[in-house]
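Asker: With the input below, show me the fold.
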Amino acid sequence: MRDPGGHSSNDIDRPDPSRIAALLRADDLDAALDAGLMALDAGATGILPPDDQALVARTRQRLQAAWDARERYRARAARLARRAAEREAKRRAATPAGPAASPRPALPAAAAAALARARARAGRP
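Answerer: Take a look at the predicted model:
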């Protein structure tokens, strides 16, 4: 079935490698993406001159590598946030609530010295 422009419905769904290569040569990456750069299969670029084939392939690889890196970064950030939340939850669970949570007062100097002497006599460190 053809549309009024003379294209079959399958032609409309497929990205045009020549148009994408032209957009990349014009340094219009956004338009090339909109035109289907990443949906373009490798066999479709066979109609292009070798320089354009290389340009399309390099651009696709560079974008895919950048997107993969961005996904790894997001996954790492989520993992670190989850671990931090888990540590915080454990810390809160380990801390008793209420007045018992106040730290124990340090021994007065005289009491600490007496304890140290008693430990020394008992042979304990």
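Asker: burial count for Ala120?
Answerer: Number of residues near Ala120 (other Cβ atoms under 10 Å) recorded here: 10. C-beta coordinates here come from the backbone N, C-alpha and C atoms, glycine included.
Asker: go on, Thr59?
Answerer: Based on other Cβ under 10 Å, the number of other residues close to Thr59 is 19.
Asker: try Asp52
Answerer: Neighbours of Asp52 (other Cβ under 10 Å): 18.
Asker: Help me confirm that it comes into contact with Arg19.
Answerer: No: between Asp52 and Arg19 there is no contact under Cβ atoms under 8 Å: 11.0 Å.
Asker: and the top helix by length along the chain, how far out from the chain's middle?
Answerer: In the chain, assigned by DSSP state H, the helix with the most residues is helix 50-94. Chain-centre distance of helix 50-94: 2 Å, with Cα atoms, centre = their mean, to the nearest Å.
Asker: List the buried residues in the helix or strand hosting Ala31.
Answerer: Element membership of Ala31 [criterion: DSSP states H and E] is helix 29-34. Within helix 29-34, the residues scored as buried using 16 or more other Cβ atoms under 10 Å are Ala32.
Asker: so what does it touch, helix or strand wise?
Answerer: helix 17-25, helix 50-94 (3 or more Cβ pairs under 8 Å, 6 or more residues apart in numbering; DSSP states H and E).
Asker: ok, and which of the ones you listed has the densest surroundings?
Answerer: Among these, helix 17-25 has the highest mean neighbour count (mean count of other Cβ atoms under 10 Å), at a mean of 19.
Asker: Not counting its own residues, what contacts that one?
Answerer: Under the criterion Cβ atoms under 8 Å, 6 or more residues apart in numbering, residues 29, 31-32, 35-37, 40, 44-45, 47-48, 52, 55-56, 59 lie in contact with helix 17-25.
Asker: quick one: it to helix 50-94, angle?
Answerer: Interaxial angle of helix 17-25 relative to helix 50-94 (axes from the mean of the first three to the mean of the last three Cα atoms, to 10 degrees): 70 degrees.
Asker: Only C-alpha atoms, please: export helix 17-25 in PDB.
Answerer: What follows is helix 17-25 as a C-alpha-only set of coordinates in PDB (Å, rounded to 0.1, in the frame of the first residue of the first chain):
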ATOM      1  CA  PRO A  17      20.500   6.200   5.600                       C
ATOM      2  CA  SER A  18      21.300   8.900   3.100                       C
ATOM      3  CA  ARG A  19      19.300  11.500   5.100                       C
ATOM      4  CA  ILE A  20      20.900  10.400   8.300                       C
ATOM      5  CA  ALA A  21      24.400  10.600   6.800                       C
ATOM      6  CA  ALA A  22      23.600  14.100   5.400                       C
ATOM      7  CA  LEU A  23      22.500  15.300   8.800                       C
ATOM      8  CA  LEU A  24      25.600  13.900  10.500                       C
ATOM      9  CA  ARG A  25      27.800  15.600   7.900                       C
END
